[in-house]
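J.: model this:
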Amino acid sequence: CLLKAASVNKQDAITRAHLADYYINKNQFEKAGKYYLELLSLSTKYIDAGMDLAEKLLIRGFRRTALDIFSRVIARSKKHNAAREVVIDICLANNEIEYPRELLEQSIKENPSNYDMVYKAGLVHQEAGNWEKALTYFIKVDRHVRSHVNAKFQIAKIYYMNHKILKADDYLNQILRIDPGNEEALALRRKI
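T.: Take a look at the predicted model:
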């Protein structure tokens, strides 16, 4: 009945929402994704539900459908920078690095002083094994946000891995001046 209604009326958002929910309940996430894509093109009221479904799809291995939904959510959201940031966080939490890399580059191009995005770009490049590029992002964050302990730690870790012990130790000292009980810094310090 719902399928017939959806095929008859291509502009019926409510029917598509019900179909998407129906397929979610049946654990048919790819079919649910199809209806959410249609739904998101009709109405922006379902953006949060689309984000939730895309995250579930990504976790279950339906990468392409999840990324299509994320792209549609970002495009349709009135606050697309905030939506982009949420999508980046979800992707990084699920070890997806290619898609967030593109989004981070867009975010940094639009707002180069968003050091949270610059830091995340460093993490993405580090995860991809591009240590030099990651280091440049972390150093940029450190130059502008002197109290950014996480950026300092990533710099120290990269220097340590590249056998630049004095530089690593310098950054560990900076961290411990800011946060004397920092467990990660203390653990890395013990290795030196």
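J.: quick one, helices of this protein?
T.: Along the chain, the stretches classed as helices by DSSP state H are 2-8, 13-25, 29-42, 47-59, 63-76, 80-93, 98-110, 115-127, 131-144, 149-161, 165-178, 183-191.
J.: can you pull out the low-pLDDT segments for this structure?
T.: Applying pLDDT under 70 to the chain flags residues 1-12, 78-80.
J.: leaving out chain neighbours, which residue sits closest to the spatially most central residue of the chain?
T.: For the chain, I88 is the residue whose C-alpha lies nearest the centre (CA atoms, centre = their mean; 1.7 Å). Closest residue in space to I88, ignoring its immediate chain neighbours: P100 at 4.5 Å, by CB to CB, 6 or more residues apart in numbering. All C-beta atoms are positioned from the backbone trio N, CA, C, and that covers glycine.
J.: what about the one you found, how many residues nearby?
T.: For P100, the count of nearby residues is 25 (other CB atoms under 10 Å).
J.: you'd agree it is up against V87?
T.: Yes: with contact defined as CB atoms under 8 Å, P100 reaches V87; the gap is 7.5 Å.
J.: circling back to that earlier point, give the contact list for the residue nearest to the centre of the chain.
T.: By CB atoms under 8 Å, 6 or more residues apart in numbering, the contact set of I88 is 100, 103-104, 107, 117, 120.
J.: recalculate using a threshold of 10 Å.
T.: Shown in contact with I88 (CB atoms under 10 Å, 6 or more residues apart in numbering): 70, 96, 99-104, 107, 116-117, 120-121, 123-124.
J.: and the residues you listed, which of them are buried?
T.: 70, 96, 99-101, 103-104, 107, 117, 120-121, 123-124 (16 or more other CB atoms under 10 Å).
J.: can you list those in TSV and add distance to A83?
T.: Output for these, formatted as TSV (distance: CB to CB, whole Å):
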residue	distance to A83
F70	8
E96	16
Y99	14
P100	13
R101	17
L103	10
L104	14
S107	11
M117	13
K120	15
A121	18
L123	20
V124	18
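J.: so which of the contacts of I88 comes closest to K164?
T.: L123 (20.0 Å; CB to CB).
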